[in-house]
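Undergrad: this one's sequence-less:
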């Protein structure tokens with residue numbers, strides 16, 4: 001069944017898709033957003049580890065392979081709003097050294113743009129969604145820019161106890177930049193610091209798509225269709241334009257949505273899967289894949305966490321799930337001896353019982369009565385710091401089609417991922433430094449949160465570059481091969497940096513969407 005043709009169809013109602021929808025709808029374009037999951041509202045965001053799992057996928061159409069299989073469920077989102085419904089809302093930027101690693105170090109890849117190209121969009125996003133922090137304090141590491149629209153968030157004992165340890169280690173800390181309201185902002189309430197950000201914020205103090213760009217997109221009448229599973233991007237007979245998408249609706253009936261422009265804003269592994277499944281005689285290896293790089297250069301962050309347990313109450317449960325304090329002092333690519341890559345450091349996050357980073361998982365060696373006794377102490381006295389590490393792009397880390405198919409006949413995909421020795425060395429170096437810091441804060445016990453090397457945040461697979469020979473898209477997310485096909489999200493990152501990616505996702509999406517709107521007649525034809 002064919003639907004009425006629209007100007008743009010956007011696949012995915014998460015962070016990047018919501019930005020494209022808002023910009024295009026405000027420009028007067030008729031926009032349809034297709035989302036595989038349910039249509040969540042703020043009232044669905046219940047402060048509970050159990051209820052919070054509803055907005056995270058239980059599984060997905062991906063087979064996980066490699067030495068370090070990508071554990072993606074916690075990092076993904078299920079439904080309208082995507083993963084940004086329940087993210088930590090840490091809003092650090094990439095820094096200038098992230099964009100020219102190959103030029104400066106002879107390794108990895110260069111972006112086709114610089115920090116200066118993205119910086120104005122960081123500033124715009126901050127005003128659009130509301131960011132709390134101290135921009136002036138960050139200027140010890142990054143070029144100067146306008147202040148954030150809100151002052152820093154409050155701090156609590158679980159963050160403040162780390163200050164003397166960092167000072168002794170010569171590591172400077174500044175207030176964490178977060179997409180949360182330290183004050184009322186644009187009619188949205190200020191944060192109440194109850195620390196349930198990782199399952200969603202029902203009062204709208206956290207800048208998720210429902211209360212920011214997606215809400216703005218709906219005002220000019222952009223349509224969101226939940227429970228709509230896109231399986232294929234459609235092209236014309238010549239193979240030089242996309243014409244819409246094939247999808248299955250809530251009744252699992254096949255539909256076609258025609259559009260002048262298609263924007264793929266699904267998860268980083270799902271966009272390549274869709275493009276592989278959209279192969280034609282004109283594009284036998286998949287759409288936008290003349291370079292052979294579709295699905296290649298998948299990248300993840302990893303974290304080296306350090307725990308400290310106090311006998312007194314340090315308000316472990318208070319604050320935000322993300323961080324109170326942050327540092328780029330180990331962000332230089334050669335900051336850690338014997339390792340290569342950036343590290344981004346955070347301190348002081350609110351801790352709940354279970355789920356990612358919860359104190360039930362802080363001592364994996366304990367069971368039964370011993371675990372129960374530990375958790376009683378941890379509920380008031382546990383705190384942690386973390387160092388996110390950068391994985392360099394590796395062409396062997398990839399997404400590729402699998403032989404099995406899902407219920408709609410679409411091939412599943414494999415995510416093949418292994419960390420190299422640089423990543424392992426950086427992971428270990430950050431653990432060592434974390435323990436040195438922790439030993440100087442007067443805690444009862446300190447230990448490393450060492451387990452399997454984690455995969456955090458998925459980037460790459462549809463990387464940007466200068467031309468169709470070295471990349472899938474240009475710096476705006478426009479595919480080199482098909483002018484009216486765009487890709488949005490962290491899949492277009494050329495390198496990963498070490499800082500949380502959402503701020504950069506929004507900035508790049510805003511840049512790409514504005515370019516599309518400004519060149520609509522040329523792009524859409």
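TA: Alright, I've got the coordinates. Computed from a predicted model, the values in this text were never measured in an experiment.
Undergrad: Contact partners for residue 280?
TA: Residues in contact with residue 280 (Cβ atoms under 8 Å, 6 or more residues apart in numbering) are 235, 239, 287. Just so you know, the C-beta spots here come from the backbone N, C-alpha and C atoms, and that holds for glycine as well.
Undergrad: For it, which three-state class applies?
TA: coil (DSSP: H, G, I helix; E, B strand; the rest coil).
Undergrad: List the pairing partners of the helix or strand where residue 257 lies within its sheet, with orientation.
TA: Using DSSP states H and E, residue 257 sits in strand 254-264. Taking DSSP bridges as the criterion, strand 254-264 forms sheet pairs with strand 2-11 (parallel), strand 242-248 (antiparallel), strand 485-487 (parallel).
Undergrad: Can you point out the buried residues in the first one?
TA: By neighbour count with 16 or more other Cβ atoms under 10 Å, strand 2-11 contains the buried residues 3, 6, 7, 8, 9, 10, 11.
Undergrad: do you know how far residue 426 is from residue 4?
TA: Look at residue 426 and residue 4: by Cβ to Cβ, to the nearest Å, they are 52 Å apart.
Undergrad: Filter the contacts of residue 280 down to the ones in strands?
TA: In strands, judged by DSSP state E, the following of these are found: residue 235.
Undergrad: from the contacts of residue 280, which would you call buried?
TA: 235, 287.
Undergrad: The contacts of residue 280 into JSON lines, with extra columns for distance to residue 501 and pLDDT?
TA: As requested, these are exported to JSON lines (distance: Cβ to Cβ, whole Å; pLDDT from 0 to 100):
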{"residue": "235", "distance to residue 501": "30", "pLDDT": "98"}
{"residue": "239", "distance to residue 501": "32", "pLDDT": "96"}
{"residue": "287", "distance to residue 501": "24", "pLDDT": "98"}
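Undergrad: Now flag whichever of the contacts of residue 280 is closest to residue 162.
TA: Nearest to residue 162 out of these is residue 287 (Cβ to Cβ; 48.0 Å).
Undergrad: how about that closest one, what does it touch?
TA: 233, 235, 242, 275, 278, 279, 280, 479, 481, 482, 485.
Undergrad: Residue 100 now?
TA: Contacts for residue 100 were tallied using Cβ under 8 Å, 6+ apart; they are 110, 111, 114.
Undergrad: Which of these fall in strands?
TA: Among the contacts of residue 100, no residue falls in strands (DSSP E).
Undergrad: Quick check: PyMOL command selecting the buried ones in these.
TA: What follows is the PyMOL syntax selecting those of the contacts of residue 100 that are buried according to 16+ other Cβ under 10 Å:
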select buried, resi 110+111
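Undergrad: Show me the shaky parts of the stretch 51-200 of the chain.
TA: Counting by pLDDT under 70, the stretch 51-200 of the chain has low-confidence residues at 59.
Undergrad: still on that earlier bit, of the contacts of residue 100, closest to residue 305?
TA: residue 111 (28.9 Å).
Undergrad: shouldn't the closest one be in contact with residue 494?
TA: Yes - contact between residue 111 and residue 494 holds when scored by Cβ atoms under 8 Å: they sit 4.5 Å apart.
Undergrad: what's the overlap in contacts for the two?
TA: Shared contacts of residue 111 and residue 494, counting by Cβ under 8 Å, 6+ apart, come down to 99, 464.
Undergrad: what's the helix or strand for the residue nearest to residue 511 when sequence neighbours are not counted?
TA: Excluding the flanking residues, the one nearest residue 511 by Cβ to Cβ, 6 or more residues apart in numbering is residue 121, at 4.8 Å. For residue 121, the element it lies in under DSSP H and E is helix 115-129.
Undergrad: gap between the least confident helix or strand in the chain by mean pLDDT and the chain center?
TA: Counting by mean pLDDT, DSSP states H and E, the weakest-scoring helix or strand in the chain turns out to be helix 49-52, with a mean of 86. The chain centre lies 20 Å from the centre of helix 49-52; the measure is Cα atoms, centre = their mean, to the nearest Å.
Undergrad: Check stretch 314-331 too.
TA: Its chain's average C-alpha position is 18 Å from that of stretch 314-331, according to Cα atoms, centre = their mean.
Undergrad: Then stretch 175-190?
TA: Here stretch 175-190 is found 19 Å from its chain centre; the criterion is Cα atoms, centre = their mean.
Undergrad: and what of stretch 89-106?
TA: In terms of Cα atoms, centre = their mean, the centre of stretch 89-106 is set 16 Å apart from its chain centre.
Undergrad: mind checking the end-to-end distance for that stretch?
TA: Stretch 89-106 has an end-to-end distance of 33 Å (Cα to Cα, to the nearest Å).
Undergrad: Pull the number of nearby residues for residue 205.
TA: Residues near residue 205, counting by other Cβ atoms under 10 Å, number 26.
Undergrad: how about low-confidence regions in the chain?
TA: Scanning the chain for pLDDT under 70 picks out 1, 59, 355-356.
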